[in-house]
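**Q** quick one: sequence and predicted model below, then my questions.
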Amino acid sequence: MNQETTMNQNQVRVRFAPSPTGYLHLGGARTALYNWLWAKKTGGVFLLRIEDTDAERSTEDSVQEILAGMTWLGLDWDEGPFFQSRNMDKHVEAAERLLSTGHAYRCFCTKEDLDAQRKEAEAKRVAFMYDGRCRKLSEQQIRENLEKGVPYVLRFLVPRDPQSTVVFEDAVFGRVEKKGRDIEDFVILRSDGRPLYVLSNAVDDSLDGITHVIRGADGIANTPKQALIYRALGLKPPLFCHMPLTLDNKKAKLSKRKHGEVVTISYYRRHGFLPWALCNFLVLLGWSDPDGREFFSPEEMIEAFDLSRINRANSIFNYVPGDPKNWTDPKAIHFNATYIRTMPLEELLPYVREELKAEGLWKQSYAGADREWLLKTIDLIRARFHTIKDFSSRGRCYFSEEFDFDEKAVKKNLAKDPRLREYLPDIAGLMQDLSEFTADAIEGAFRTYAEQREVKAGLLINATRTAVSGTSVGPGLFEMLEAIGRDSVVQRLRNAVRLIPEA
RNA sequence: GUCCCCAUCGUCUAGCCUGGCCUAGGACACCGGCCUUUCACGCCGGCGACAGGGGUUCAAAUCCCCUUGGGGACGCCA
């Protein structure tokens, strides 16, 4: 055996295994991210497996949505996407092996009968667990049932001796133990012959050589069952790693049905999130850096990430419905805004370009002659923006003559002083005559004019700001005018006169 | 109801394993101040938590027990 093969045997292999029954949501993305990080960190393999054994609920749209979401987030996978259904025959084979080795048995109980028992137990408010009555069936009875064609499922025969416990190692929760008597004889094969998740998932993980099962803590309850399957099949179990769940601010599980689009990944894409900013936010939901850092480049995050620092307590996605300012978790917005403000301009540019194109604000020259202007302008305005969407909405006046006037701003900065009817055209003229249309030159003109007319520069500055941008907020005025450009500025100043009432 | 898990500011969390450096640190949000032509940014400051009760110990956020609260699982779903 050569060295490379030896190394491969020790190589970490992880997977993200969503079921294609819905959208990629925050919880799923976080699970995918943790797996991805662990693979990158260890030089391992990250594979994607679509668990589509529930054919009725699986949809192609959902598969595409998940793939698109992963790609957008930058969580690239090394193998797959595989479909769980590809190995269906192997799962059935495993079930049959369990039957023949006495680890499973045929159960002829009808679904209706079990449902009735379950309902009854619920009414009496006691726990329902299948009583294992079909364990006791004689060879004779089984043969008769088979001959009559009575449908049956395969159930795993859980060791029942009083002392028996099932143990598995969890990277987050440590050694987890469960008593055999607290585990019911779970179904591994449906009456139509199709395998169930608990079986398929374990068999596939083994087939795919998965070394670490990093998944949500909701999976912790059926892990003992899977540990039993590994043992009965003589397979080496992976190291489990159950990450705490992320709940809503009322501590309920996140779901699209309940919370709407705000929990889906595509929502963040559509609302101007940088994919890495979202990843950075998500990684901190249940994991922390030993040095207390919160912002990471992908390389830094991969370096810093470790399974041992995953938290045990659930975290809350702090989204309050109906708050227009905090339309998602405020900390997520903070991450996005900080990235927009501080990332290298060259890296930000493609996102802005896409946004401007989508909104019909892109000009051909931005890729050529005006490229430097564009970068400078982006840099000028980005400090106030929270999302990429802001470039086309709040930043519209830099790219188009069609922008809205904020009523309050007009009232406060333009309508309040009739003298502006005279000042603004004057300034427009000054701008027109400036030999160099630079921030310094513009400022000089403003200051001189203010002095001559014995008026506060602030009055002129604020009025001009609203005249050219429609708002009362924004970057320093002189730089702003330079960015907007002489012709537009002159035009806008003259147009604004209509907004100022006569004395 | 049964089994399992969890518990530090409003939220994300550090500290807990290996008790003392914790009058509990950081981040977001919020509130003040400075800067300033505005709004942001930045800087300075403020508000704000060890769920409760017992124990162990010279000493407990840290170890143990109980209570309470919360979550998960309990499908011929994944």
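**A** Ah, there it is.

**Q** ranges for the helices of the stretch 101-250 of chain A?
**A** A:111-123, A:139-148, A:197-207, A:223-233 (DSSP state H, counting those that start in this stretch).

**Q** buried set for the shortest one?
**A** In other words, helix A:139-148. Using 16 or more other Cβ atoms under 10 Å as the test for burial, helix A:139-148 gives A:142, A:145. Every C-beta, even on glycine, is put in place using the N, C-alpha and C of the backbone.

**Q** name the helices or strands packed onto that helix?
**A** Contact here means 3 or more Cβ pairs under 8 Å, 6 or more residues apart in numbering; DSSP states H and E; on that basis helix A:139-148 packs against strand A:104-107.

**Q** which residues touch the strand it packs on?
**A** A:95, A:98-99, A:130, A:134-135, A:137, A:142, A:145-146, A:152-157, A:185, A:187-188 (Cβ atoms under 8 Å, 6 or more residues apart in numbering).

**Q** kindly recompute the last result at 7 Å.
**A** A:95, A:98, A:134-135, A:142, A:152-157, A:188 (Cβ atoms under 7 Å, 6 or more residues apart in numbering).

**Q** list the contacts for A:K363?
**A** A:K363 touches A:D370, counting by Cβ under 7 Å, 6+ apart.

**Q** just the buried positions in stretch A:420-435, please.
**A** Those would be A:420-421, A:423-424, A:427-428, A:430-431, for stretch A:420-435 by 16+ other Cβ under 10 Å.

**Q** what's the most distant pair in those?
**A** Greatest spacing in the buried residues of stretch A:420-435, by Cβ to Cβ: A:R421 and A:M431 (16.9 Å).

**Q** who's the residue nearest to A:K253 when sequence neighbours are not counted bridged to?
**A** Among residues not flanking A:K253 along the chain, A:L247 sits closest, at 6.2 Å (Cβ to Cβ, 6 or more residues apart in numbering). Per DSSP bridges, the residues bridged to A:L247 are A:K253, A:I316.

**Q** can you give me the strands for chain A?
**A** Ranges of strands in chain A, per DSSP state E, are A:13-16, A:45-50, A:79-83, A:104-107, A:153-156, A:165-170, A:174-179, A:187-189, A:212-216, A:239-243, A:246-247, A:315-316.

**Q** hmm, back to that, buried among the contacts of strand A:104-107? Make that a ChimeraX selection.
**A** To isolate in ChimeraX the members of those that are buried, counting by 16+ other Cβ under 10 Å, one can use:
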select /A:95,98,134,142,152,153,154,155,156,157,188
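
**Q** any chance of the contacts of strand A:104-107 in JSON lines with pLDDT and distance to RNA strand B as columns?
**A** As requested, these are exported to JSON lines (pLDDT from 0 to 100; distance: Cβ to the nearest atom of the strand, whole Å):
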{"residue": "A:A95", "pLDDT": "97", "distance to RNA strand B": "12"}
{"residue": "A:L98", "pLDDT": "97", "distance to RNA strand B": "15"}
{"residue": "A:C134", "pLDDT": "94", "distance to RNA strand B": "11"}
{"residue": "A:R135", "pLDDT": "93", "distance to RNA strand B": "15"}
{"residue": "A:I142", "pLDDT": "95", "distance to RNA strand B": "15"}
{"residue": "A:Y152", "pLDDT": "96", "distance to RNA strand B": "7"}
{"residue": "A:V153", "pLDDT": "96", "distance to RNA strand B": "5"}
{"residue": "A:L154", "pLDDT": "97", "distance to RNA strand B": "9"}
{"residue": "A:R155", "pLDDT": "97", "distance to RNA strand B": "8"}
{"residue": "A:F156", "pLDDT": "97", "distance to RNA strand B": "11"}
{"residue": "A:L157", "pLDDT": "96", "distance to RNA strand B": "15"}
{"residue": "A:I188", "pLDDT": "96", "distance to RNA strand B": "9"}
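
**Q** so where's the stretch 51-200 of chain A uncertain?
**A** A:55 (pLDDT under 70).
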